[in-house]
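Colleague: Structure for this input, please:
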Amino acid sequence: MQNMNYYYDFSGQKFEYPISLSINQFDRHVFSRQSSLEISYVLKGSYEVTTEHLSSIIHVHELALIAPYDIHMIKPLQQDSIILTVHLDFSYLPHYMVGDVSHSFTSIICNQKQNKVILEKIQQQLGILFLQIIKGTNNLYELNQVLTSLIYIASHNQKFALEELPLSSKNHENYMKAILFIDQNYQQDIHLEDIAQNLSFSISYASRLFKRYTGVNFVRYLAMVRIRHSLEALLAGKDSIEEIAFACGMNSAKAYSQAFKELYGITPSFYRKQFQNNLKYNKDQQVQSMQLDKKQIELIQHLIVDQLVYQDENMMITKQNDEITYVIKEVSNKQIHQENNQMVIKSNNC
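Modeller: Next up is the predicted model:
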């Protein structure tokens, strides 16, 4: 069950963009696993985080970074807990942007005692992202900058040389042919055997291709493709769930709902209801981008700092109106002097 009072959704997937973001009060006690990188940031209350390799509790303004394909469960410990969830879906990105996903990311907890620098850097990027949403710009290039920054931060500065990228191979070429076949035929009643026959593969070879390059089997990958292609019709609200299911290639509304819940954790009808309840209309009754309301902005206000100019572990520069403030943290042996009407700060540990 979810409380609708704080619900907000920014779904890049509708536009086949890798970033999706939501604020909610979900109460889901099931394990999930997805190909995306997940950032779960507590806005109120506390949550228990469980993965294959860790178990911890995160409190307000702390986060869990969940690596792709890690089985995990995040459940609230108080009824009024609120969480911000960001997904970076690598299936929308070329492999050269993320390297070896299975080894580049690790599930970790970030708070004031552990991974503090990563926490602060992610908070900064979330603030930039929310500032765009509040201003209503959604500039693609600024979003891309946030996306690449979050990927780099989440990789914990791991090094991955260009030369380490897999060379173009016959297997990868065959995989791309299989993906293209699905993109062109997902609305039909297709099976792994159809791909194998159409592309002159053996069934076992086709199965291995999907497992190797997507991390999931053919059936799950096909369901993901169908669900993603159905989002626009689902959110438009004109067709029934059954009509949407058949249009995207599912054989029943029940199969569609089950696949949707596996992917998003809620039913498609509930997902549609949440979206429609949060739609904003202009004076001509045309749908506008969903806007954050006052209660939501209060929750994320500490992230926004709309005057933030620069921040790292040693310095923060903010601008409010015409006033610029420099906050320098734990700097010793500093030398401050003026050169050509400029203030210069030199430090041994900056």
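Colleague: What separation is there between residue 117 and residue 67?
Modeller: 18 Å (CB to CB, to the nearest Å). Glycine gets a C-beta too; all of them are placed from N, C-alpha and C.
Colleague: Mind checking which of the two has more residues around it?
Modeller: residue 67 (20 against 13; other CB atoms under 10 Å).
Colleague: Is the more buried one in contact with residue 90, as I believe?
Modeller: No: taking contacts as CB atoms under 8 Å, residue 67 lies outside contact range of residue 90: 10.8 Å.
Colleague: quick one: common contacting residues for these two?
Modeller: residue 37 (CB atoms under 8 Å, 6 or more residues apart in numbering).
Colleague: which ones are touching the residue nearest the centre of the chain?
Modeller: In the chain, the residue lying closest to the centroid (CA atoms, centre = their mean) is residue 87, at 1.4 Å. Residues near residue 87 by CB under 8 Å, 6+ apart: 19, 20, 21, 34, 36, 37, 38, 39.
Colleague: and the nearest residue to residue 53 once chain neighbours are set aside, how many neighbours?
Modeller: Counting by CB to CB, 6 or more residues apart in numbering, residue 53 lies nearest to residue 107, which is 6.4 Å off, once chain neighbours are set aside. Using other CB under 10 Å, residue 107 has 19 other residues around it.
Colleague: same check, this time on residue 40
Modeller: By the criterion of other CB under 10 Å, residue 40 has 19 neighbours.
Colleague: Residue 37 bridge partners, please.
Modeller: Here residue 37 sits in beta bridges with residue 88, going by DSSP bridges.
Colleague: How about the contacts made by it?
Modeller: 65, 66, 67, 68, 87, 88, 90, 105, 150, 151, 154.
Colleague: pLDDT weak spots in the stretch 151-300 of the chain?
Modeller: 157-169, 215, 274-290 (pLDDT under 70).
Colleague: show me where it has helices.
Modeller: 170-185, 192-198, 203-214, 218-236, 241-247, 253-264, 268-277, 294-304 (DSSP state H, counting those that start in this stretch).
Colleague: which helices and strands does the last one pack with?
Modeller: When you say that, I think you mean helix 294-304. Applying 3 or more CB pairs under 8 Å, 6 or more residues apart in numbering; DSSP states H and E, one finds that helix 294-304 contacts strand 19-24, strand 37-44, helix 116-135.
Colleague: Kindly report the same for the fourth one.
Modeller: Counting contacts by 3+ CB pairs under 8 Å, 6+ apart, helix 218-236 packs against helix 170-185, helix 192-198, helix 203-214, helix 241-247, helix 253-264, helix 268-277.
Colleague: Same list (those) but as TSV, adding distance to residue 111 and mean neighbour count.
Modeller: Converted to TSV, the helices and strands packed on helix 218-236 look like this (distance: least, CB to CB, whole Å; neighbours: other CB atoms under 10 Å):
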stretch	distance to residue 111	mean neighbour count
helix 170-185	39	14
helix 192-198	44	16
helix 203-214	33	16
helix 241-247	41	18
helix 253-264	27	18
helix 268-277	29	16
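Colleague: Now do the residue nearest to the centre of the chain, the pLDDT please.
Modeller: For residue 87, the model assigns a pLDDT of 89.
Colleague: cool, and residue 94?
Modeller: Predicted confidence (pLDDT) for residue 94: 70.
Colleague: What count of nearby residues applies to residue 138?
Modeller: With other CB under 10 Å as criterion, residue 138 counts 15.
Colleague: measure it to residue 200 for me?
Modeller: Taken as CB to CB, the span from residue 138 to residue 200 is 44 Å.
Colleague: hang on, the earlier thing: looking at the helices and strands packed on helix 294-304, which is nearest to residue 170?
Modeller: Smallest distance to residue 170 across these (CB to CB): 29.3 Å, for strand 37-44.
Colleague: So what touches the following helix or strand past the closest one?
Modeller: For strand 37-44, the following helix or strand on the C-terminal side (DSSP states H and E) is strand 46-51. Strand 46-51 is touched from outside by 31, 40, 55-60, 64, 66, 70-78, 81, 83, 107, 109, with contacts defined as CB under 8 Å, 6+ apart.
Colleague: For ChimeraX, write the select line for the buried members of those.
Modeller: To isolate the buried ones among the contacts of strand 46-51 in ChimeraX, judged by 16 or more other CB atoms under 10 Å, type:
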select :40,58,64,66,70,72,74,76,81,83,107,109
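Colleague: Counting only strands, which of the contacts of strand 46-51 make the cut?
Modeller: Using DSSP state E, 40, 55-59, 64, 66, 72-76, 83, 109 are the members of the contacts of strand 46-51 that sit in strands.
Colleague: Can you tell me which of the contacts of residue 37 has the most neighbours?
Modeller: residue 66 (28 neighbours).
Colleague: from what I can see that one touches residue 38, true?
Modeller: Yes: with contacts defined as CB under 8 Å, residue 66 counts as touching residue 38 at a distance of 3.9 Å.
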